[in-house]
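1. Build me a model:
(chains A and B)
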Amino acid sequence: MILLQLTAKSLWHRRFTALLTLFTIAVSVMLLLGVEKVRTETRNSFANTLSGTDLVVGARSGQIQLLLYSVFRIGDATSNISWETYQKVSKQRQVAWTVPISLGDSHRGYRVLGTTQDYFRHYKYGNKRPLVLAQGVQFSGLYDVVLGAEVADKLGYKLGDKIVVSHGMGSTSFAKHDDKPFTVVGILERTGTPVDRTLHLSLEALEAIHIDWKAGTRIPGQTVSAEEAAKLELQPEQITAFLVGMKSKVATFQLQRVINSYRKEPLLAIIPGVALQQLWDMVGIAEKALLLVSAFVVVAGLVGMLTVILTSLNERRRELAILRSVGARAWQILLLLTLESALLTLMGIGLGILLLYGGIAVAQPILESQMGVFVPLSPLSLYQWKLLSLVAVCGILVGLIPGYRAYRYSVADGMTIRI
Amino acid sequence: MQAAITLEQLEFGWTADQPLLSIQSLQVARGERVFLQGASGSGKSTLLNLIGGVLEPQKGAVHLLDVSLHALNKSRRDHFRADHIGFVFQMFNLLPYLNVLDNVALPCRFSRARRDKAQLRDGSVEAAAQRLLDHLELSDSKLLQRPVTELSMGQQQRVAVARALIGSPEILIADEPTSALDVANRDRFLELLLSECAQEQTTLLFVSHDPGLQSHFDRVENLTQLNGVTTAEEAQ
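-> Model (predicted):
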């Protein structure tokens, strides 16, 4: 107890360097925990993006590219697939359901997705959770739109608002479908998936707004009003991709093979779980590297502490001799110095945790809006506690080095004070 | 008369063939105040570490209060030192991060025997520290609140004496405690040290190179004469 008091008072006496050391350790601990947390949350939101879908089918390209544009709304499709092919696959015996997806337009930077009402029935995320409407209803009219939670939140839309869809991507697109405005009829609950950043409308609506367009621009002199368009035949000829649910999982691979070797059109069918894993493995390397780097930052922090303590030790030989003369045993000297680094490490860990949660509180909205990763203020995971214990053990072990040196000094010096 | 310190046929050297210190016999009685004169290099520090039980002699024995240090193991020797010996060094005796009272009370934190004695005598360790500081003319409460590094050298040495005497150890060993003091401070310091030792009936072994201090003491010993080993300096 007296040793702990002496250590604390001695540290307070040298509070400037002690605080700097403490801060170094705290920052490195924060970095370690933060990287680990973001890693876990990214992986979770990644794996949770799509569930219950057995196959994703699109035009032939790369497995990951198809996954990116159909599920994550990142990048664009190389080409579309025909409605006829889609119908053919839907009618396969083993297929329970299909949901078509049509992409290409946007609204102020958010993707617009054309689909059918089946989307709301079959799209599942996380642990097979369905999409739930927070407000309003699914689209039923031609010019109805259902917003993802973030779209409504960020752009401040509520039910009944009118919005205009832009042609192509980009928030300042000049080509606007402003002759055919949409009405917000529903807003989905937050899912933590790309659905939050999507506007959903019917395939027919996409046809309607493109009826007087060709090659990315309006056909001059030919305008079809919203009312006129509604009366026309709006059967789409092409879609971007579609999701497939199977009656029996066993048939999945068989259907995948059939689709991939389809002669009439170059198609690609992927199993989302496999593709997600593949994509994660790619991204995961960077995450692992980041974790490794932050581990090295912790090592650097501990080495910094070791340096500071070892440097101070020479000046403190006198202090050690005084302690010996008033009755401190040699092992108590060892303990005294080890306690010092243990105390610094533990306080550094404590401060690091505080910094982490402060940092999350500040960065949470930024991470969510910029990267689509929601990092909750959740308690530390078992793995994080394990990391922290490892840091604590390392800190105490590092403290044994100056501890042992002080022990050697005090045995050699005894009560002889060397100036 | 009981002996406080007895050295018998003591021999010590860092290597076996090069003895540093060889003392046939030295005895200090309880309550005696002995001046041990020795030039630098005469083995003073070595002798003090031998008496303190930090070093072990190759030959011979050290008896403190009729206990043979030889018979104790390292940890018991540390205990014994903490319980029975107070030390005052040349200068900078105090821990800079403790205040005056905490510095004085320090031995009671490491030795239960001295804490018990202090409590028995003055009621509490703090009261014991306060009484000793009063006796050593350090009763100014403002002074006690200042960081020890701001005290004058003379004041620091008196705080060190209070620390060495708290819990009434039987033996006080002072290693050149006056070398950093000017003459006026030195005499005042000696006066206070000696009167306090007399009051506490503490055995005092005062080590110094300065023969001018001899007159204050009951008995004078010369380490250079006691030491059978011819030092390099003398050989020249």
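
2. For the rest of this, base every contact and every neighbour count on C-alpha atoms.
-> OK.

3. Distance of the closest residue to chain B within the stretch 151-300 of chain A relative to B:Asp17?
-> Among residues of the stretch 151-300 of chain A, the one nearest chain B by CA to the nearest CA turns out to be A:Ala300. It sits 28.6 Å away. A:Ala300 is 47 Å from B:Asp17, where distance means CA to CA, to the nearest Å.

4. what about the residue of the stretch 151-300 of chain A closest to chain B, which SS state?
-> Classification of A:Ala300 by DSSP: H, G, I helix; E, B strand; the rest coil places it in helix.

5. For it, the count of nearby residues, please.
-> Using other CA atoms under 10 Å in any protein chain shown, A:Ala300 is surrounded by 15 other residues.

6. If we ignore the residues flanking it in sequence, what's nearest residue 85?
-> In the absence of a named chain, chain A is used. In space, not counting the residues next to it along the chain, A:Thr85 is nearest to A:Glu265; the distance is 7.9 Å by CA to CA, 6 or more residues apart in numbering or on different chains.

7. nope, chain B
-> Spatial nearest neighbour of B:Ile85, chain neighbours left out: B:Ile171 (4.8 Å); criterion: CA to CA, 6+ apart.

8. With A:Leu33 instead?
-> What sits nearest to A:Leu33 in space, not counting adjacent residues and going by CA to CA, 6+ apart, is A:Gln384, at 6.5 Å.

9. That neighbour contacts A:Glu36, doesn't it?
-> Yes: under the criterion of CA atoms under 8 Å, A:Gln384 lies in contact with A:Glu36, with a separation of 7.4 Å.

10. In terms of neighbours, single out the busier of these two.
-> For A:Gln384 against A:Glu36, the residue with the higher neighbour count under other CA under 10 Å is A:Glu36, and the figures read 21 against 16.

11. where's the more buried one relative to chain B, distance?
-> Distance from A:Glu36 to chain B, counting by CA to the nearest CA, to the nearest Å: 40 Å.

12. From A:Ala392, how far out is A:Tyr357?
-> For A:Tyr357, the distance to A:Ala392 (CA to CA) stands at 19 Å.

13. And the helices in the chain?
-> By default, I'm working from chain A. A:2-13, A:15-47, A:63-71, A:83-90, A:118-122, A:149-155, A:203-209, A:226-231, A:252-260, A:272-315, A:317-325, A:330-371, A:382-413 (DSSP state H).

14. not what I meant, chain B
-> Secondary structure of chain B by DSSP H: the helices cover B:44-51, B:74-84, B:100-110, B:112-122, B:125-135, B:141-145, B:153-165, B:183-200, B:223-226, B:232-235.

15. Which among the ones you listed is found nearest to A:Val56?
-> In this view, those are compared for proximity to A:Val56 by CA to CA, and helix B:100-110 is the closest at 74.4 Å.

16. residues touching whatever residue of chain B ends up closest to chain A, list them.
-> Here chain B gets closest to chain A at one residue, B:Ala82, 4.0 Å apart by CA to the nearest CA. Neighbour list for B:Ala82: A:325-328, B:107, B:110-111 [criterion: CA atoms under 8 Å, 6 or more residues apart in numbering or on different chains].

17. give the contact list for the closest residue to A:Glu41 other than its chain neighbours.
-> When the adjacent residues along the chain are set aside, A:Glu41 lies closest to A:Val375, with 6.2 Å between them (CA to CA, 6+ apart). A:Val375 makes contact with A:37-38, A:41, A:360, A:364, A:367-368 under the criterion CA under 8 Å, 6+ apart.

18. Now rank the residues you listed by neighbours and give me the top one.
-> In terms of neighbours by other CA under 10 Å, the contacts of A:Val375 top out with A:Lys37 at 21 neighbours.

19. Excluding chain neighbours, what is closest to it?
-> For A:Lys37, the nearest residue in space outside its immediate sequence neighbours is A:Val375; the separation is 7.7 Å by CA to CA, 6+ apart.

20. what's the pLDDT at the one you found?
-> pLDDT for A:Val375: 75.

21. hang on, the earlier thing: any chance of CSV for the contacts of A:Val375, columns distance to A:Thr7 and pLDDT?
-> Converted to CSV, these look like this (distance: CA to CA, whole Å; pLDDT from 0 to 100):
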residue, distance to A:Thr7, pLDDT
A:Lys37, 33, 84
A:Val38, 36, 80
A:Glu41, 39, 79
A:Ile360, 33, 89
A:Gln364, 38, 82
A:Leu367, 41, 73
A:Glu368, 43, 69
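
22. Return the closest of those with respect to chain B.
-> A:Ile360 (37.8 Å).

23. what's the spacing between B:Lys142 and B:Asn103?
-> 16 Å.

24. again with A:Lys180
-> Computed with CA to CA, the distance linking A:Lys180 and B:Asn103 is 86 Å.

25. Quick one: residues contacting B:Phe92.
-> Taking CA under 8 Å, 6+ apart as the definition of contact, the neighbours of B:Phe92 are B:156-157.

26. what ranges of chain B fall below the confidence cut-off?
-> Across chain B, the ranges flagged by pLDDT under 70 are B:1, B:16, B:230-236.

27. Tell me the residues on it that lie near chain A, please.
-> B:45, B:49, B:54-55, B:75, B:78-79, B:81-83, B:86-87, B:89, B:93-98, B:106-107, B:109-111, B:164 (CA under 8 Å from any CA of the partner chain).

28. When you filter those residues down to buried only, what's left?
-> Among these, the ones that count as buried by 16 or more other CA atoms under 10 Å in any protein chain shown are B:45, B:49, B:54-55, B:78-79, B:81-83, B:86-87, B:89, B:93-98, B:106-107, B:109-111, B:164.

29. Who's the closest spatial neighbour of A:Ser225, skipping the chain neighbours?
-> In space, A:Ser225 comes closest to A:Asp179 once its chain neighbours are excluded; the distance is 7.0 Å by CA to CA, 6+ apart.

30. what is A:Ala269 paired to in the beta sheet?
-> A:Val57 (DSSP bridges).

31. In this structure it contacts A:Thr53, no?
-> No: A:Ala269 is beyond contact range of A:Thr53, at 11.8 Å (criterion: CA under 8 Å).

32. Those two: which has the busier surroundings?
-> For A:Ala269 and A:Thr53, the more surrounded residue by other CA under 10 Å is A:Ala269, and the numbers stand at 28 against 21.

33. Centre-most residue in chain B?
-> Nearest to the geometric centre of chain B sits B:Ile173, at 1.5 Å (CA atoms, centre = their mean).

34. For that residue, name its beta-bridge partners.
-> The partner residues for B:Ile173, given DSSP bridges, come to B:Phe87, B:Leu205.

35. Might you report the residue contacts of A:Ile366?
-> Going by CA under 8 Å, 6+ apart, A:Ile366 touches no other residue.

36. Can you give me the distance of it to B:Gln58?
-> If you go by CA to CA, the gap between A:Ile366 and B:Gln58 works out to 73 Å.

37. next one: A:Thr116
-> Taking CA to CA, one finds A:Thr116 at 98 Å from B:Gln58.

38. do the same with A:Tyr404
-> As judged by CA to CA, A:Tyr404 and B:Gln58 stand 26 Å apart.
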